[in-house]
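[1] Sequence and predicted structure, then a few things I'm wondering about:
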Amino acid sequence: MSESEIEIVVDDPTAPEPDSPPVTDTRVVDVTVSLLLLALALTLGFDNWRTGIAWDSTGPQAGYFPFYLSVILAGASLYGLVTAFLGRNEASETFVTRAQLRRVTAVFVPTLLFCLVTQFLGLYVASFLLISTFMRMVGRIALWKSLLTAFLFTAIMFVTFDIAFDVIMPKGPLEAAFGY
């Protein structure tokens, strides 16, 4: 770019501040995830071992392939643990800052609540609530636009899945009141 050209820089006003304190570093997350995956691999491996990991007259038993996938997952988890502990002399990088975690939580918590609400109110009501809440709270979009978009999306989803394709979706009391 030549010096005569003007560079336009647009900052995100909602971006996390760069001086936010760290919550955790990369090594802690690596070790934690590796331990969780190792526990999952051991649990799955034991369960598939109980199911049967041998060959019988008709071929492999039900746990044969899943057991060996569990072994591979356990090996990868152990590799992750070893590399995390051998790299301890290096400077540890920040995994997430407080401001970044706040932004992730702003998306994760409503999504988790969506999964829970779906069990009681059904997919369509939960989708309406999630979409309208995200648009209003995260996107800072006008209330009427948020409600209209959420209503149109859930109505189109209902027509597509329940009426056109006759797919069974989780329903709640609202759908039951309308006979679906």
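    That came through, no problem.

[2] Count the neighbours of the residue nearest to residue 169 when sequence neighbours are not counted for me.
    Spatial nearest neighbour of residue 169, excluding adjacent residues (C-beta to C-beta, 6 or more residues apart in numbering): residue 123 at 4.8 Å. Heads up, the C-betas are built off the backbone N, CA and C, glycines and all. Neighbour count for residue 123, taken as other C-beta atoms under 10 Å: 21.

[3] now residue 167: how far from residue 80?
    In this view, residue 167 and residue 80 are 39 Å apart by C-beta to C-beta, to the nearest Å.

[4] Show me which of the two is the more surrounded one.
    For the pair residue 167 and residue 80, the greater number of neighbours falls to residue 80 (17 against 9), based on other C-beta under 10 Å.

[5] tell me the centre residue of this protein?
    The chain has residue 108 as the residue nearest its centroid, 7.4 Å off, counting by C-alpha atoms, centre = their mean.

[6] Check which helix or strand residue 53 maps to.
    Assigned by DSSP states H and E, residue 53 falls within no helix or strand.

[7] ok now do it, which residues does it touch?
    Each residue near residue 53 by C-beta atoms under 8 Å, 6 or more residues apart in numbering is listed here: 61, 63-64, 67-68.

[8] and if you look at residue 111?
    Applying C-beta under 8 Å, 6+ apart to residue 111 gives the contacts residue 130.

[9] Now do the SS call for it.
    Of the three states, residue 111 takes helix under DSSP: H, G, I helix; E, B strand; the rest coil.

[10] quick one: it and residue 102, what's the gap?
    Distance, residue 111 to residue 102, using C-beta to C-beta: 15 Å.

[11] for residue 172, phi and psi?
    Here is the backbone geometry of residue 172 (degrees, to the nearest 10): phi -120, psi -160.

[12] by contact count, what packs against the lengthiest helix in the chain?
    Ordering each helix of the chain by length in residues (DSSP state H) puts helix 26-51 first. When contacts are defined as 3 or more C-beta pairs under 8 Å, 6 or more residues apart in numbering; DSSP states H and E, helix 26-51 sits against helix 64-86, strand 94-97.
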